[in-house]
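Asks: Model the following, please.
(one chain, ligands or ions: 1)
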Amino acid sequence: MPAIELDGVTKRFDDVTALRGVDMTVEDGDVFGFLGPNGAGKTTTIDILLDFVRPTAGSADVLGMDAREESEAIRERLGVLPEGYDLYDRLTGRHHIEFVGEAKRADPDPEAIADRVGLDSEDLDRKVEGYSRGMAQRLALGMALVGEPDLLILDEPSSGLDPNGARLMRQIVREENERGATVFFSSHILGQVESVCDRVAILQDGEVIAVDTVEGLREATDTGTRLVVSVDPGEAEAAADAAREVDAVEHATVEGDDLVVTVDSDAKMTVLTAIEDAGIAVDDFETEEASLEDLFAAYTDAATDATPAATAGGASDAEVNDDEENTGADDAEGGADR
Ligand SMILES: Nc1ncnc2c1ncn2[C@@H]1O[C@H](COP(=O)(O)OP(=O)(O)OP(=O)(O)O)[C@@H](O)[C@H]1O
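Replies: Below is the predicted model of the structure:
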């Protein structure tokens with residue numbers, strides 16, 4: 001039984017059509033990333049799953065139950081971090097966790113939950129009105145964890161978090177998944193999705209335009225690996241010719257002193273061998289995977305140049321392109337910590 005199943009879901013708000021016949025399945029046990037630019041319809045989709053909003057047409061099932069008819073039963077098994085979550089200024093963090101525990105008939109350990117999301121016990125007993133945005137976000141994530149839910153639905157969970165918080169969030173997603181939970185989370189921060197998700201859907205203008213693994217998306221959009229090879233500058237053109245002889249090579253060009261080759265990821269060594277077989281010594285090489293951002297651009301036409309060359313320089317296999325909410329320090333580990 002899928003954890004989430006959307007069948008022909010359309011949602012119109014007066015003259016705005018937020019969702020247009022969305023079909024989507026999230027399998028039990030998956031970590032599923034729901035990606036889309038602002039206004040694509042991510043929150044509307046989540047609101048339909050939570051029965052905050054009713055679809056104009058189509059149906060949504062959550063944990064095998066109809067989102068409209070059985071929303072209460074669904075809720076008992078869900079952990080939710082909604083986009084505009086409400087916290088009560090005059091209550092402490094501990095009260096919030098206890099409050100969710102009562103609603104879900106669970107008996108949470110507030111200290112343990114606070115510890116998991118990086119709030120200390122003093123924070124736990126402070127009124128939420130004194131919390132920073134990131135602390136509030138951590139508390140809201142902690143509230144979603146109460147009662148060991150079967151399905152976590154997280155709307156932009158890294159919003160407002162610093163790099164350490166974002167890393168902690170990814171770790172929690174992985175831990176929850178290992179415990180057996182399905183995790184569905186929306187993001188426009190591509191690196192967050194890339195480093196934790198089994199599968200990704202891309203939503204644009206109310207339509208799902210792609211569902212695949214990150215690897216599958218890479219293949220489908222032809223955004224291969226960029227291989228940068230250092231050879232003696234006088235031999236660079238000859239090395240480019242040798243590289244072009246390899247079937248899997250899409251492009252081979254000389255850029256400055258380097259030879260830049262776009263190639264299927266698994267044919268990197270074949271290219272290097274072909275260059276050496278042509279009698280040219282390879283002094284050094286590095287590889288740059290297309291980031292999910294490139295894939296996203298390729299799918300959404302957000303950029304005309306969707307090749308890996310658009311990726312920031314100095315990228316490596318482990319690179320993740322987070323946006324403004326994360327620093328480069330976080331990027332460096334983002335893709336490697338899975
Ligand atoms: N209550 C509403 N009334 C009118 N229009 C709405 C309402 N809720 C959403 N919309 C519209 O539906 C579209 C999808 O919005 P939605 O919030 O689902 O997008 P999103 O992908 O979550 O965007 P973001 O990344 O900015 O949060 C937008 O055009 C939005 O203006």
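Asks: what's the single longest helix in the protein?
Replies: Scanning the chain for the longest helix, with DSSP state H as the assignment, gives helix 163-179.
Asks: Roughly how far does Pro163 sit from Ile189?
Replies: Computed as C-beta to C-beta, to the nearest Å, the Pro163 to Ile189 distance reads 11 Å. In short, each C-beta sits where N, CA and C put it, glycine included.
Asks: neighbour count winner among these two?
Replies: Neighbour totals were compared for Pro163 and Ile189, and Ile189 leads with 26 against 19 (other C-beta atoms under 10 Å).
Asks: Burial check on Met24, number of neighbours?
Replies: By the criterion of other C-beta under 10 Å, Met24 has 19 neighbours.
Asks: which residue sits closest to it in space, ignoring its chain neighbours?
Replies: Among residues not flanking Met24 along the chain, Leu6 sits closest, at 4.5 Å (C-beta to C-beta, 6 or more residues apart in numbering).
Asks: What count of nearby residues applies to that neighbour?
Replies: As a burial measure, Leu6 scores 25 neighbours (other C-beta under 10 Å).
Asks: and if you look at the one 10 residues further on?
Replies: Residues contacting Val16 under the criterion other C-beta under 10 Å number 11.
Asks: That one and Glu83, how far apart?
Replies: Distance, Val16 to Glu83, by C-beta to C-beta: 17 Å.
Asks: does the residue nearest to Met24 have beta-bridge partners, and which?
Replies: Legend: beta-bridge partners of Leu6 under DSSP bridges are Met24, Ala60.
Asks: Please verify my assumption that it contacts Gly58.
Replies: Yes - counting by C-beta atoms under 8 Å, Leu6 touches Gly58, with 6.9 Å between them.
Asks: For those two, list the residues in contact with both.
Replies: Counting by C-beta atoms under 8 Å, 6 or more residues apart in numbering, the shared contacts of Leu6 and Gly58 are Val22.
Asks: burial of the residue of the stretch 151-300 of the chain found nearest the ligand, as a residue count?
Replies: The ligand sits closest to His188 of the stretch 151-300 of the chain, with a gap of 5.6 Å, by C-beta to the nearest ligand atom. Applying other C-beta under 10 Å, we find 18 residues neighbouring His188.
Asks: Let me see the backbone angles for it.
Replies: Per-residue torsions, His188: phi -110, psi 0 (degrees, to the nearest 10).
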